[in-house]
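Enquirer: here is a sequence together with a model predicted from it:
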Amino acid sequence: MPIAKRALPFLILLLAAPALAATGRWSLLGPDGGTVTALAVDPADSRIVYAATQKGEGVFKSRDGGQTWSPSGAGLPKIPGNNVFCLAIDPRRPAILYAGTLNFGIYKSTDGGASWSPSRRGLSANLLGVSALAIDPHAPDTVFAGTGAGVFRTTDGGANWKLRNSGLPDPPLISDLEIDPKRPAVVYAAVGTSGVYKSANGGETWRPIHTGLPAGQGVDTLAIDPRRSATVYASTYAGLFKSTNGGASWFPSNSGLPKSIVSALVIDPRDSRTLFAGTFFGTGAFRSDDGGASWSPIDAGLSNPVIWALAITPQGTVYAATEGDSQPGGVFQSADGRTWRRTVRGLSTLEITALAAESAGPGAPSILWAGTPSLGVFRSANGGGVWRRVPIPGVSGPVNAIVVDSVHAGTAWVLAYERDGFGGLTIHLFKTLDAGRTWSRLPLPAGTFSGLARDPRDGTLWVTGFGIARSTDGGLTWTAPSGIAGSDFLVDLAFDPSSPQVLYVAGYRPPPSRFEPSEGRLYKSTDGGASWTRTDAGLAGSFGIQKVLVSPARSQVVYAASFGVLFRSADAGAHWDRVAEAPQSGNITDLAAGPDGTLYAATGNTGVYSSPDGLVWTSISNGLSSLAVKVLELDPADPEILYAGTEAAGVEVYTFPP
């Protein structure tokens, strides 16, 4: 579906979603990877590992030691901001887990992550995120939560929480919590602004234990020696420190470590002299075999050196959770504590900004192309079963659009940003004739363009932005048609499948000042795009038209999506009516239509909807891992297959009910 993929800079209005209809089924396709923020290993079965993600499903679970992952976040919020920052497993009843989120408090699972429910009674409204969880190993119904508002404690398994900040500094920004495994009344708190605090009475009161720590430095991570619990490690913003007397005094433990924050620290349960450290600012992982006296890098196979968290099994297998926005990330595994391999199969949390489907021939799965904000383009030759990253030289910024040639296999165009020598980004058009193995950069017309579309009827390429231009030779040369004001910003094109000369382009006129609203714009051409006239008289009052679509079953019917509003024309744009029962969302991000005229709408916060006529809509979002959907694509060979490019869970596919 050749649609310009750049969203308008509108605010998203969050409205309550209607009840989800039980229809077909959504499944994650990938690409695999993304940022993983926390890890947890089942204490009774080390083959079971949980990964918390910054986006999408929220939690993934592996039952085979990290080889494969499956979604395990049912009940967690599926809208932007659902970042899960920390996980904790009940050491006696490992089917019980707790998850701390950025914006939605704490959730609890009692069935091994199969389902989650809120556990936030008593939590403050201004938590500023839950960054740490610690479970009392002797009384596991007692759990501590570190938040931006301080320390909360529950003694009834999360049914009720109470603030326990006596003695903590203001603001009590807690970054980590650790409980003494031998004396559970002793709890340590890392305060991200002012050092380490200790409680000797189960969190009732706290006192600073800063002797030897650098003054005025916050602490990010703590670790307690499981055999000698008076030995504690603290990662400060000025380096790693160690205490052998329960925090009464500290000394540096930095030899061999870079000048970077140690963001994760685990101790080998078999030999507490062996420690593993992960760093956050791209310096990788380190190992110590002498209790932290000296450190050596262990980066073989660790292709992403930005580490959020570490976990270790009783057998000594180490897992690293890495950032996945600027380079391929996710989970890495080390069986020998020195070399790593990336294990992300089934773990999908990437943001998709562009999506295209290409037919691979009769009976074969379609070829999928997916664009991302910072990892470039991915391609799957088997309908999303396996993806490979398709590098485009120089491309390091957002991919705005991908279009494919429906006749010549392996031919595709990508509109994406390229980083210049000064750190800026410039948009360019790229073309491949060999499925992404090689690329050439094509010229763009003079002006500011950010959208790309391809006319499926004759192969004409179009670019949109401040103005519009077309190319009839695959992007080598461009011409600008008449009739469109250069001050209008255009974002989407629609082609009439039954009238080769008819097409529409939508956008908005930027306001003359920041105190005035933008105005929607919709143009129509009846001569193949050589000239255009406005056809938006019935759209007065719209802030901008984000999407336009012609019904494949009835070309007189045209749809235009504005800010939280869907318009419908029954006479090819001459008159417009507002659709009263449009999807309940503040932002319709994409529209698609099957050959029988069935419509699909993607929204920015409530998922995907379908409609037989554009008048009555039904949610088909049940099972989506991310309700923030950016782009839709119908399979070119089978209109019963619908792909969704999401903001937080990669590409998802909808299987229609039989």
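Expert: Sure, I can see it.
Enquirer: who touches the longest strand seen in the chain?
Expert: The residue-count maximum for a strand in the chain (DSSP state E) belongs to strand 395-404. Under the criterion CB atoms under 8 Å, 6 or more residues apart in numbering, residues 2-6, 353-358, 367, 369-374, 376-377, 411-419, 425, 427-428, 430, 450-454, 461 lie in contact with strand 395-404. To be clear about C-beta, it is placed using only N, CA and C from the backbone, and glycine gets the same treatment.
Enquirer: ChimeraX command to pick out the buried ones of those?
Expert: Buried subset of the contacts of strand 395-404, written as a ChimeraX selection, criterion 16 or more other CB atoms under 10 Å:
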select :2,3,4,5,6,353,354,355,356,357,358,367,369,370,371,372,373,374,376,377,411,412,413,414,415,416,417,418,427,428,430,450,451,452,453,454,461
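Enquirer: just the ones of the contacts of strand 395-404 in helices?
Expert: Among the contacts of strand 395-404, none falls in helices (DSSP state H).
Enquirer: circling back: so which bits of the longest strand of the chain are buried?
Expert: Under the neighbour-count criterion of 16+ other CB under 10 Å, strand 395-404 has V395, G397, P398, V399, N400, A401, I402, V403, V404 buried.
Enquirer: and the fifth one, what's its pLDDT?
Expert: Think N400. The model reports N400 with a pLDDT of 95.
Enquirer: hey, what's the closest residue to it other than its chain neighbours bridged with?
Expert: In space, N400 comes closest to L415 once its chain neighbours are excluded; the distance is 4.6 Å by CB to CB, 6 or more residues apart in numbering. When bridges are assigned using DSSP bridges, the partners listed for L415 are A401, L429.
Enquirer: what residues are up against L415?
Expert: Residues in contact with L415 (CB under 8 Å, 6+ apart) are 399-402, 427-430, 449-452, 463.
Enquirer: P445 too?
Expert: Shown in contact with P445 (CB under 8 Å, 6+ apart): V463, A469, W478, A480.
Enquirer: check it and give its pLDDT.
Expert: At P445, the model reports a pLDDT of 91.
Enquirer: same question for the one 10 residues further on.
Expert: Per-residue pLDDT puts D455 at 95.
Enquirer: the nearest residue to it once chain neighbours are set aside: neighbouring residues, count only.
Expert: In space, and not counting its chain neighbours, D455 is closest to F495: 5.4 Å by CB to CB, 6+ apart. Residue neighbour count, defined by other CB atoms under 10 Å, stands at 22 for F495.
Enquirer: do the same with T35
Expert: As a burial measure, the neighbour count of T35 was computed by other CB under 10 Å and equals 23.
Enquirer: ok, it to P77 distance?
Expert: For T35, the distance to P77 under the criterion CB to CB, to the nearest Å works out to 17 Å.
Enquirer: on that earlier part again, farthest-separated two in the contacts of P445?
Expert: The span of those, defined through CB to CB, is set by V463 and A480 at 10.0 Å.
Enquirer: what sits in contact with each of these two?
Expert: Taking CB under 8 Å, 6+ apart as the contact definition, V463 and A480 share the neighbouring residues P445, A469.
Enquirer: between the two, which one's more packed in?
Expert: V463 (28 against 14).
Enquirer: can you confirm that one is in a helix?
Expert: No: the assignment for V463 (DSSP: H, G, I helix; E, B strand; the rest coil) gives strand, which keeps it out of a helix.
Enquirer: run through the bridge partners of the residue lying closest to it once chain neighbours are set aside.
Expert: In this structure, V463 finds its nearest non-sequential neighbour in F449, 4.2 Å apart by CB to CB, 6+ apart. With DSSP bridges as the criterion, the beta-bridge partners of F449 are G465.
Enquirer: neighbours around F449, how many?
Expert: Using other CB under 10 Å as the criterion, the residues surrounding F449 number 24.
Enquirer: surely it meets A469?
Expert: Yes: in terms of CB atoms under 8 Å, F449 counts as a neighbour of A469; the distance is 7.3 Å.
Enquirer: which neighbours do those two share?
Expert: Residues touching both F449 and A469 by CB under 8 Å, 6+ apart: V463.
Enquirer: hmm, back to that, just the closest of the contacts of L415 to V653, please.
Expert: Using CB to CB, the shortest approach to V653 within the contacts of L415 belongs to I402, at 17.1 Å.
Enquirer: and that closest one, how far from Y107?
Expert: From I402 over to Y107 (counting by CB to CB), the distance is 36 Å.
Enquirer: what of G465?
Expert: Taking CB to CB as the criterion, G465 is separated from Y107 by 43 Å.
Enquirer: same drill for those two, tell me which one is more crowded.
Expert: Between G465 and Y107, counted using other CB under 10 Å, Y107 has the larger neighbour count: 26 against 23.
Enquirer: what's across from the more buried one in the sheet?
Expert: Y107 forms beta bridges with A99, P118, as assigned by DSSP bridges.
Enquirer: when you give positions from now on, start the count at 456
Expert: Understood, numbering begins at 456; the last thing we discussed is Y562.
Enquirer: domain ranges for this protein?
Expert: According to automatic domain parsing, the chain is divided into the following domains: 488-574+758-804, 581-709.
Enquirer: any weak-confidence spans in the protein?
Expert: Low-confidence regions of the chain, defined by pLDDT under 70, span residues 456-478, 875-878, 970, 996, 1039-1041.
Enquirer: all helices for the stretch 556-705 of the chain, in order.
Expert: Taking DSSP state H, counting those that start in this stretch as the criterion, the stretch 556-705 of the chain carries no helices.
Enquirer: so which residues of it form strands?
Expert: Along the stretch 556-705 of the chain, the stretches classed as strands by DSSP state E, counting those that start in this stretch are 561-564, 572-573, 585-590, 598-602, 605-609, 617-618, 629-634, 642-646, 650-654, 662-663, 674-679, 687-691, 694-698.
Enquirer: as CSV, these with distance to R896 would be great.
Expert: Putting the strands of the stretch 556-705 of the chain into CSV (distance: least, CB to CB, whole Å) gives the following:
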stretch, distance to R896
strand 561-564, 47
strand 572-573, 50
strand 585-590, 44
strand 598-602, 48
strand 605-609, 53
strand 617-618, 57
strand 629-634, 45
strand 642-646, 48
strand 650-654, 52
strand 662-663, 58
strand 674-679, 42
strand 687-691, 44
strand 694-698, 45
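Enquirer: so which of those comes closest to T772?
Expert: With respect to T772, and counting by CB to CB, the nearest of those is strand 674-679 at 17.5 Å.
Enquirer: the closest one to strand 694-698, inter-axis angle?
Expert: An angle of 40 degrees separates the directions of strand 674-679 and strand 694-698 when computed by axes from the mean of the first three to the mean of the last three CA atoms, to 10 degrees.
Enquirer: who does strand 674-679 pair up with?
Expert: Based on DSSP bridges, the strands next to strand 674-679 in the sheet, each with its direction, are strand 687-691 (antiparallel).
Enquirer: what sits up against the partner strand?
Expert: With CB under 8 Å, 6+ apart as the contact definition, strand 687-691 has outside contacts at 633, 643, 645, 650-651, 668-669, 672-680, 695-698, 701-702, 705, 708, 716-718, 720, 730, 732, 747.
Enquirer: distance from it to the middle of the chain?
Expert: 31 Å (CA atoms, centre = their mean, to the nearest Å).
Enquirer: cool, stretch 820-836 as well?
Expert: Stretch 820-836 sits 15 Å away from the centroid of its parent chain (CA atoms, centre = their mean).
Enquirer: over to stretch 866-874?
Expert: Its chain's average C-alpha position is 21 Å from that of stretch 866-874, according to CA atoms, centre = their mean.
Enquirer: quick one: contacts for the closest residue to T927 other than its chain neighbours?
Expert: Once flanking residues are discounted, T927 sits nearest to T915: 5.5 Å by CB to CB, 6+ apart. With contacts defined as CB under 8 Å, 6+ apart, the neighbours of T915 are R909, R925, S926, T927, G983, G984.
Enquirer: ok, now T492?
Expert: Contacts of T492 by CB under 8 Å, 6+ apart are A507, T508, Q509, N538, V539, F540, C541, W763, A764, A776.
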